[in-house]
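Chemist: Sequence and predicted structure are below.
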There are 2 protein chains.
Amino acid sequence: MQKGTMPVAFLERVVEVFRVLGDRSRLEILQSLMAGPRTVNEVVEITGKGQANVSKHLGVLAAAGLVSRTAKGTSAIYEVTDPLVYKLCDIVCGSLRKKLGRESKEIQRLLRRGVLVGSTPISIAKKP
Amino acid sequence: MQKGTMPVAFLERVVEVFRVLGDRSRLEILQSLMAGPRTVNEVVEITGKGQANVSKHLGVLAAAGLVSRTAKGTSAIYEVTDPLVYKLCDIVCGSLRKKLGRESKEIQRLLRRGVLVGSTPISIAKKP
DNA sequence: ACACTATACAACCATATGGTAATAGAGTCA
DNA sequence: TGACTCTATTACCATATGGTTGTATAGTGT
């Protein structure tokens, strides 16, 4: 395949995945789904964010194909469908663990205790 | 570790990595570095982007620790330092390959020929 | 029908971000 | 020194994005 004829659509998809994951709120929401399917309301309670906000972010995550939506009565149940999510968190957390280990003994200690590592759901500090 | 005391700094770092990667220009620039170290000017020529633009994006990538900078005369040589970059591309491209395979026979065919897959440098279409 | 709950959507605002042009700084060479 | 090259920085603009408020929609139960 010659240069310059590369399907840009593919690159765009890669960008979209990273862009969608590159937001703290969405990452927190995603983490709240990692232990299993959750309704919007549950995610709202877990994360402490506004309902409209959570709904909007879940829509973005669903549009990117990272989570799926299932209507159940008046509720909407979201769950992580793409194993990509878990893999990416494993990789990134693993890399950061090394870096942070050189920067912070405290965080390194926490990491050794199994927190924040890989697919393990991360407890997020609530906003003040 | 109890909930609510989680080091937010770690999450912020994860977010930063994804956010930095969630930009098409930066991904293109990153790809131009995947075959080896490049000067800013070389990246400018490869990507066809403006010099200030490339310099800014390379600064962002360096600040995130994904690439490193080495001064050489008046030139600045950048190279990918974090293997995270290659791993992430492998994972994301692998996942997208499956999805796109169901959506597009054409892209699937290209993928089978080894293009766009994993750490293989991707030829980027030049801007018109 | 009515009230209630759960979710999505639209409008709006403040902020962040990418791209560009102009400029500055630093090294190189004649 | 002076001209030239390469890179970084600043300022600016247009656009995108996240968060919030209010509202609309839809299911549930009385």
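Modeler: That came through, no problem. Numbering: from 1, shown residues only, chains lettered A, B, ... in the order given.
Chemist: Without its sequence neighbours, what residue ends up closest to residue A:51?
Modeler: residue A:44 (5.2 Å; Cβ to Cβ, 6 or more residues apart in numbering or on different chains). No exception for glycine: its C-beta is placed from N, CA and C like everyone else's.
Chemist: Point out the residues in chain A that sit beside DNA strand D.
Modeler: A:19, A:23-26, A:49-53, A:56-57, A:60, A:73-74 (Cβ under 7 Å from any atom of the strand).
Chemist: just to revisit the earlier point, what's around the residue nearest to residue A:51, how many residues?
Modeler: The tally of other residues near residue A:44 (other Cβ atoms under 10 Å in any protein chain shown) stands at 19.
Chemist: which one of the residues of chain A next to DNA strand D is nearest residue B:96?
Modeler: If you rank the residues of chain A next to DNA strand D by distance to residue B:96 using Cβ to Cβ, residue A:19 comes first, at 13.8 Å.
Chemist: Could you report the neighbour count for that closest one?
Modeler: For residue A:19, the neighbour count with other Cβ under 10 Å is 19.
Chemist: Which residues are in contact with it?
Modeler: With contact set as Cβ atoms under 8 Å, 6 or more residues apart in numbering or on different chains, residue A:19 has these partners: B:18-19, B:22-23.
Chemist: In JSON lines, list the residues you listed along with pLDDT and secondary structure.
Modeler: Below are those laid out as JSON lines (pLDDT from 0 to 100; DSSP: H, G, I helix; E, B strand; the rest coil):
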{"residue": "B:18", "pLDDT": "96", "secondary structure": "helix"}
{"residue": "B:19", "pLDDT": "97", "secondary structure": "helix"}
{"residue": "B:22", "pLDDT": "96", "secondary structure": "coil"}
{"residue": "B:23", "pLDDT": "97", "secondary structure": "coil"}
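Chemist: Just the pLDDT for the residue nearest to residue A:15 when sequence neighbours are not counted.
Modeler: Once flanking residues are discounted, residue A:15 sits nearest to residue B:24: 4.8 Å by Cβ to Cβ, 6+ apart. For residue B:24, the model assigns a pLDDT of 96.
Chemist: so the top helix by length along chain A versus helix B:84-103, what angle?
Modeler: With DSSP state H setting the assignment, residue counts place helix A:84-103 as the longest helix in chain A. For helix A:84-103 against helix B:84-103, the angle by axes from the mean of the first three to the mean of the last three Cα atoms, to 10 degrees is 180 degrees.
Chemist: Would you mind listing the buried residues in helix A:84-103?
Modeler: For helix A:84-103, the neighbour count (16 or more other Cβ atoms under 10 Å in any protein chain shown) marks A:84-85, A:87-93, A:95-97, A:100 as buried.
Chemist: again with stretch A:59-67
Modeler: Residues of stretch A:59-67 classed as buried under the neighbour-count rule (16+ other Cβ under 10 Å) are A:60-61, A:64-67.
Chemist: who's in contact with residue A:56?
Modeler: For residue A:56, the contact set (Cβ under 8 Å, 6+ apart) is empty.
Chemist: Repeat that for residue A:87.
Modeler: B:91, B:95.
Chemist: separation between it and DNA strand D?
Modeler: According to Cβ to the nearest atom of the strand, to the nearest Å, residue A:87 stands 21 Å off from DNA strand D.
Chemist: returning to what we had before: mind checking which of the residues of chain A next to DNA strand D are buried?
Modeler: Buried by 16+ other Cβ under 10 Å: A:19, A:23-24, A:26, A:49, A:57, A:60, out of the residues of chain A next to DNA strand D.
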